[in-house]
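**Student:** Pasting the sequence and the predicted model now:
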Amino acid sequence: MRQFICAVLGISLASTLVFGTPAETTIRTATERVGTQAIAEGAPENWLSYGKGYHEQRYSALTQINDKNVGKLGLAWAFDTDFNRGLEATPIVVDGVMFVSANWSVVHALDARTGKELWRFDPEVPREWAKMACCDVVNRGVAVYQGKVFFGTLDARLIALDAATGKKLWEVQAADTKEYPYTITGAPRVFKDKVVIGNGGAEYGVRGFVSAFDVNSGEEVWRFYTVPGNPADGFENEAMKQAAETWTGEWWKMGGGGTVWDSIVYDPELDQLYLGVGNGSPWNHKVRSPDGGDNLYLSSIVALDPDTGEYLWHYQQTPGESWDFTATQHIMLADMEWQGTQRKVIWQAPKNGFFFVIDRQSGELLSAEPYARVNWATHYDMSTGRPVETDRARYRNRAEFIRPSSMGAHNWHPMAYSPQTGLVYIPAIDALFKYGDVEQYLHKWGHWNLGVVLEQDAAPNHILAQLMLKQVTTGSLLAWDPKTQSAKWVVEYARPWNGGVLATAGNLVFQGTAEGEFRAYRADSGEQRWSFDAHTGVIAPPVTYSIDGEQYVTVLAGWGGAFGLISGYEQEGGIPPSRVLTFKLGGEAVLPENPEKTLFEAPEPPEVSAEELKAGRTLYHEYCSGCHGTDAVSNGAVPDLRHLPGVFYENFDKVVLDGMMRKAGMVGFGDVLDKEDSRLIKAYILTQAEEDRKIRETPSWWMKIKMMFFNAVANVLGWIMDKV
């Protein structure tokens, strides 16, 4: 009866929330209609799946907000989460109800018109499991299907909730965390009554796989491993048997890697499922597979039968992967004319720096051209489909600076496509990384096992280090023509790790930046038309939807993720709560100012030798920098170890070795470090604190002179590195 009355009065389900009708009924009615057909059709007023529709083009046909009036866009509402870490999720919007995941895998249901919270579900992820997450306590989103909300947790569970109430319907352990350090940060995909999820953990030594579960019961339907296991145990299928022929040594003892931690795409036209497969474990090919081999299916796109999980075809982008060059980046489906023939294709701009056009029926490589600067390969041999590597690529006899870096020329941040312009918009990265062999490789459970030296070259102080980082590590928004395989326009950014992208029929492209802005550009020219100060870095991808004819744009703001943690970009003020920001024409809401930044003064550093200080730096970067930042410079969301209250320095061994702060997420490292190691790490941190204190106490006039000198040095060194 309620739905009949709403229909007669011309009132949407979302409006009934405003008028006081019980939210539970309206949410249930709306979300029960979301199925395979609804997602495939992709009504413009909603955002029903991760990439909007199964083609994952992130394009909206809404035009109320356009390149002529976007300057009038204002904040409609903001919703503060309970944490201030990186946010990466794509909101799902169904008839005015928004479902979004945040830090620690917490899920919120919000009124998409007002931002009012309707319910929240906290899966209570053990905080100590953050150590097993290479790349922050993030989550990239939920899936909605037949009245249910599905999401993965950091500790590798898959949970189904009642979309109307937020109550748990079922839960499964999607990966074995008792034996292996698996995580889940990616968004599940749902189709044909199955929910599919992958996992992460390749940096820690796991074996990747993807699983499909029944949406109603949580029962596992099928599982496909992406790399072979121990041959002595037998192979799960013929695909694993054939893959094992491309590996050497005893790879299974180190996991192998190949985790599908992000892109999983269902093709309703061909009824195929595509997996973007990740890096090797460890990264270093010489350690992982000492006698060579391509190591299938690492760094590959693999096509499966979505009903059975059986292998159909694959294309490997980076044979013998040795640089963390994953193929997990955004997979986009399209139809295009190629050399006079209409083809159904995959477009992908993975980490390795080449833009791929692949026939999605057969896996045939049609084109691979560099969309970024690369020096590990010159081109792809189209007769073999393989890259032609440079002499430096394998860092055989010495450490080498390689482009792209382990961050990739494009990471997880989703692309977008506009059929109006014919362009794909890529959040690109320009960076390099110094790859070198470790002297002795030891596989350590629960710790990064890369097979390469994580520590990069040192600078005299953290200011010069950050200036150098800015010189050699930048970003851009790249408008790429997949037909000509060339750039149409580029917007340069001073920093990398900028947000995912949304394209609209209003001739607009929306993207957040690492420096805390949310921007709108003309899709055809790249001209900036609008910006908003988000008070913190924006890395998540935006979405747009409409309620009763009014268009909204939403993006999550929260600085973090892998680079957001390790880069240690300092922010002048304190870190604000991570937020959901929603905009509309004429919006007048205002964000509060960021909190004051609190700096505790560390004690004086002890007297140590240069050799001890160097050893402390090496230990710090191996075990601490992934969360607390390069050169002990934190982004502020995770404690800055140079500015802790005195009690933490007094109990340093208890924290670092014994895990006194385990329940807060700081586990102990006593399984791999001893008191001497702890002493050296502490000495390095306190030395960095003293250096920071001296800089802050330097008179402003003298600091200006120093900054001029630092900038000059950074420019010269940056110019040299730019030639690599």
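**Tutor:** Perfect, I can see it now.

**Student:** Contacts only, for residue 98.
**Tutor:** 91-92, 109-112, 554, 580 (CB atoms under 8 Å, 6 or more residues apart in numbering). C-beta here means a position set from N, CA and C on the backbone, and glycine is covered the same way.

**Student:** 10 Å instead, please
**Tutor:** Residue 98 makes contact with 14, 47, 79, 91-92, 108-113, 115, 118, 543, 545, 552, 554, 580, 582, according to CB atoms under 10 Å, 6 or more residues apart in numbering.

**Student:** again, but for residue 541
**Tutor:** With CB under 10 Å, 6+ apart, residue 541 has these contacts: 50-51, 58, 88-91, 140-141, 330, 412-416, 427, 499-502, 510-512, 555-556.

**Student:** if I look at it, how far off is residue 393?
**Tutor:** Using CB to CB, to the nearest Å, one gets 31 Å for the distance from residue 541 to residue 393.

**Student:** Low-confidence stretches in the stretch 201-350 of the chain?
**Tutor:** Across the stretch 201-350 of the chain, nothing is flagged by pLDDT under 70.

**Student:** My guess is residue 387 contacts residue 379. True?
**Tutor:** Yes - counting by CB atoms under 10 Å, residue 387 touches residue 379, with 7.5 Å between them.

**Student:** Identify the residues contacting the residue nearest the centre of the chain.
**Tutor:** Most central in the chain under CA atoms, centre = their mean is residue 412, positioned 4.1 Å from the mean C-alpha point. Residues in contact with residue 412 (CB under 10 Å, 6+ apart) are 88, 135, 138, 140, 185-186, 261-263, 326, 328-330, 351, 427, 500, 539, 541, 561-562.

**Student:** same question, residue 540
**Tutor:** So residue 540 contacts 86-91, 100, 138, 140-141, 413-414, 499-500, 512, 554-558, 561, 578, 580-581 (CB under 10 Å, 6+ apart).

**Student:** what's the average pLDDT for stretch 537-553?
**Tutor:** Here stretch 537-553 scores 97 as its mean pLDDT.

**Student:** Buried ones in it, by neighbour count?
**Tutor:** 537-547, 551-553 (16 or more other CB atoms under 10 Å).

**Student:** Return stretch 317-327 as PDB; C-alpha atoms alone will do.
**Tutor:** Extracted C-alpha coordinates of stretch 317-327, given in PDB (Å, rounded to 0.1, in the frame of the first residue of the first chain):
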ATOM      1  CA  GLN A 317      51.000  -8.800 -19.300                       C
ATOM      2  CA  THR A 318      54.300  -9.200 -17.400                       C
ATOM      3  CA  PRO A 319      55.900 -12.600 -17.700                       C
ATOM      4  CA  GLY A 320      58.300 -13.400 -14.800                       C
ATOM      5  CA  GLU A 321      56.900 -10.500 -12.800                       C
ATOM      6  CA  SER A 322      59.600  -9.000 -10.600                       C
ATOM      7  CA  TRP A 323      58.600  -5.400  -9.700                       C
ATOM      8  CA  ASP A 324      55.100  -5.700  -8.000                       C
ATOM      9  CA  PHE A 325      53.600  -5.100 -11.400                       C
ATOM     10  CA  THR A 326      50.100  -6.300 -10.800                       C
ATOM     11  CA  ALA A 327      47.300  -6.700 -13.300                       C
END
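
**Student:** What is the distance between that stretch and the centre of its chain?
**Tutor:** Its chain's C-alpha centre and that of stretch 317-327 lie 17 Å apart, by CA atoms, centre = their mean, to the nearest Å.

**Student:** Looking at the contacts of residue 412, which are in strands?
**Tutor:** Using DSSP state E, the subset of the contacts of residue 412 located in strands is residue 427.

**Student:** Which ones among the contacts of residue 412 map onto helices?
**Tutor:** 561-562 (DSSP state H).

**Student:** Is there a quick ChimeraX command that grabs whichever of the contacts of residue 412 are buried?
**Tutor:** Per 16+ other CB under 10 Å, the buried members of the contacts of residue 412 correspond to this ChimeraX selection:
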select :88,135,138,140,185,186,261,262,263,326,328,329,330,351,427,500,539,541,561,562
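
**Student:** Quick check on residue 130: phi, psi?
**Tutor:** phi -60, psi -30 (degrees, to the nearest 10).

**Student:** Look at it and say how many residues are nearby.
**Tutor:** Using other CB atoms under 10 Å, residue 130 has 22 other residues around it.

**Student:** and what of residue 154?
**Tutor:** Residue 154: 25 neighbours (other CB under 10 Å).

**Student:** need the helices for the stretch 601-724 of the chain, in chain order.
**Tutor:** 610-623, 625-628, 646-650, 652-656, 675-697, 700-722 (DSSP state H, counting those that start in this stretch).

**Student:** returning to that earlier point: list only buried entries from the contacts of residue 98.
**Tutor:** 14, 47, 79, 91-92, 108-113, 115, 118, 543, 545, 552, 554, 580, 582.

**Student:** what is the nearest residue to residue 521 once chain neighbours are set aside paired to in the beta sheet?
**Tutor:** With sequence-adjacent residues excluded and distances taken as CB to CB, 6 or more residues apart in numbering, residue 521 is closest to residue 509, at 4.7 Å. Per DSSP bridges, the residues bridged to residue 509 are residue 503, residue 521.

**Student:** doesn't residue 499 make contact with residue 509?
**Tutor:** No - in this structure, residue 509 is not within contact of residue 499 by CB under 10 Å, at 11.3 Å.

**Student:** hang on, the earlier thing: so what sits against both of residue 387 and residue 379?
**Tutor:** Here residue 387 and residue 379 have 354, 368 as joint contacts, going by CB under 10 Å, 6+ apart.

**Student:** out of the two, which sits in the busier spot?
**Tutor:** residue 387 (22 against 12).

**Student:** Do you have the strands of the stretch 451-600 of the chain handy? List them.
**Tutor:** With strands called from DSSP state E, counting those that start in this stretch, the stretch 451-600 of the chain shows them at 474-481, 486-493, 501-504, 508-512, 517-522, 528-533, 543-547, 550-557, 579-585.

**Student:** Now distance to residue 432 too, for those strands, in JSON lines please.
**Tutor:** What follows is those, written out as JSON lines (distance: least, CB to CB, whole Å):
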{"stretch": "strand 474-481", "distance to residue 432": "11"}
{"stretch": "strand 486-493", "distance to residue 432": "17"}
{"stretch": "strand 501-504", "distance to residue 432": "24"}
{"stretch": "strand 508-512", "distance to residue 432": "24"}
{"stretch": "strand 517-522", "distance to residue 432": "26"}
{"stretch": "strand 528-533", "distance to residue 432": "28"}
{"stretch": "strand 543-547", "distance to residue 432": "33"}
{"stretch": "strand 550-557", "distance to residue 432": "29"}
{"stretch": "strand 579-585", "distance to residue 432": "33"}
